[in-house]
Each structure stands twice: as structure tokens, then as C-alpha cells.
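1. Fold the stuff below for me.
(one chain, ligands or ions: 1)
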Amino acid sequence: MDFDFTTFPVLETERLTLRALNLEDTKAIFGLRTNKEVNEFIDRRTPKNLSEARAFIDLITKLAANNKGVFWVLESKNNHQLLGTIGLRNFEDEEDYAEIGYEIHPDYQERGYMNEAFEEILQYGFKEMSLKTIEAFTHKNNTASKALLEKHAFVFQPERTDEGFVNNIVYRLAVSGS
Ligand SMILES: CC(C)(COP(=O)(O)OP(=O)(O)OC[C@H]1O[C@@H](n2cnc3c(N)ncnc32)[C@H](O)[C@@H]1OP(=O)(O)O)[C@@H](O)C(=O)NCCC(=O)NCCS
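-> Residues are numbered from 1 along each chain as shown. So this is what the prediction gives:
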């Protein structure tokens, strides 16, 4: 898989601009990644201060520059707020494979925003990046995440596990024939 995100793929949905993360997002990304509700089912290192949030943004920017991952901000067209994020990473060349990750601030949940972002990003992944398989790793009790995945035709993979994360389950969406 030969990706090139050096020109960042800005995408649009009805209500959202899906754009690159940048340092002007530091406060918003700090708020999102330290939010207790957002983190309820996510086992990850959270930023302790704005400087760590900036370091996270640098890391994400480098991932895209090295074509190792692509991470979009969900920005409201209406008020230009950062509502959440969605990304593809952990590419595996031989299998045309990527993992999807996503989060949205509780103030904006259950309004269909992630549905909108998913439609656009899945289309981008399968059509523009020619992926054949996208997987999601999610906590077994994460009802919202599981509903979102099932709505977008991801299929639960009972035989798959997420090494080191015993409470996670795996969902897969594959183009037919793979
Ligand atoms: C999972 C998450 C991204 C969903 O985003 P969202 O914008 O609220 O989702 P949407 O409003 O687009 O809804 C998507 C579907 O999921 C369902 N859904 C959303 N929240 C739900 C909830 N709390 N309980 C049950 N179903 C829910 C919706 O009903 C919808 O299906 P429908 O269109 O058939 O009604 C959001 O809850 C979130 O960010 N959670 C915290 C972070 C997280 O857990 N990320 C996943 C890590 S693997």
C-alpha cells in the first residue's frame, strides 16, 4: 500500500469538515482526550497538560507525514468547533488493512455526527486507499461504539482478541471476497 498524506485529504460531509489536526487544536484535544466519559471504555495514556497534548499533535502530524496513519478532526461547519476525531492507522501492507479509531465529545454525542464521519472515512479507506479490511477494537461494554460499528456493517469476530486488552473485542469490515 503506497499512501501519500503529504497533501492532507480534507473531506466534507453535510455538517462536518474532516481536516488535519494542528497546534491550534491543543486545548480542544486536551479537553477531549482527558474527558472521563470519552475515556470510560478506552485504555490509553491521557495528556497531563497542554504540553503533552501538543506532543500528541506532533506525533499525529508525523504519522501522516510518514504515511503511517491518518487522523481527521471532526470540525462543525456551523460553529467551527472540534467535535471529535477519527483515524486510520496500523496499516498492514500485505493485507491492505487498517484499524479505525474514533471519539466524539459528550456534548455532541448521539446526534449522528459519527455516523456522518464513518460514511465518509469508510468510503475514503476502501475507494481512495484501496483498503480491503478495516478493523475496530472496542471495549465489550461500549454499547455506543458497538451500535455504531454494527450500523456500518462491521462484523464481530469472536475468535479474535486484542493482545494486552482483555476486555476488548474485535469488529471487521471487509470488501467482498477478502
Ligand atoms: C462511540 C461514539 C463515537 C458514537 O458517536 P456518536 O456521534 O454519538 O454516534 P452517532 O450519533 O453517529 O450514532 C451512531 C449509531 O450508534 C448509536 N448510538 C450512539 N450512541 C449510543 C448509545 N449511547 N447507546 C446505544 N446506541 C448508541 C446510534 O443510535 C446510532 O445508530 P442509529 O443511527 O441507527 O440510531 C461516541 O459514543 C464516543 O465518542 N464515545 C466515547 C469514545 C469511544 O468510546 N470511542 C470508541 C473507542 S473504540
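2. and the longest strand for this protein?
-> Identified as the longest strand of the chain according to DSSP state E is strand 82-92.
3. who does that strand pair up with?
-> With DSSP bridges as the test, strand 82-92 is paired with strand 69-76 (antiparallel), strand 97-104 (antiparallel).
4. how about the strands in this protein?
-> 11-12, 16-20, 69-76, 82-92, 97-104, 133-139, 155-156, 168-174.
5. ok, and for the second one, which residues are buried?
-> Just to be clear, that refers to strand 16-20. For strand 16-20, the neighbour count (16 or more other CB atoms under 10 Å) marks 16, 18-20 as buried. Every residue, glycine included, has its C-beta placed from N, CA and C.
6. now the third one
-> Of the residues in strand 69-76, those buried by neighbour count under the rule 16+ other CB under 10 Å are 69-75.
7. what's the closest of those residues to the ligand?
-> The ligand lies nearest to Leu74 out of the buried residues of strand 69-76, by CB to the nearest ligand atom, at 8.6 Å.
8. Please name the bridge partners of the closest one.
-> Using DSSP bridges, the beta-bridge partners of Leu74 come out as Leu18, Gly84.
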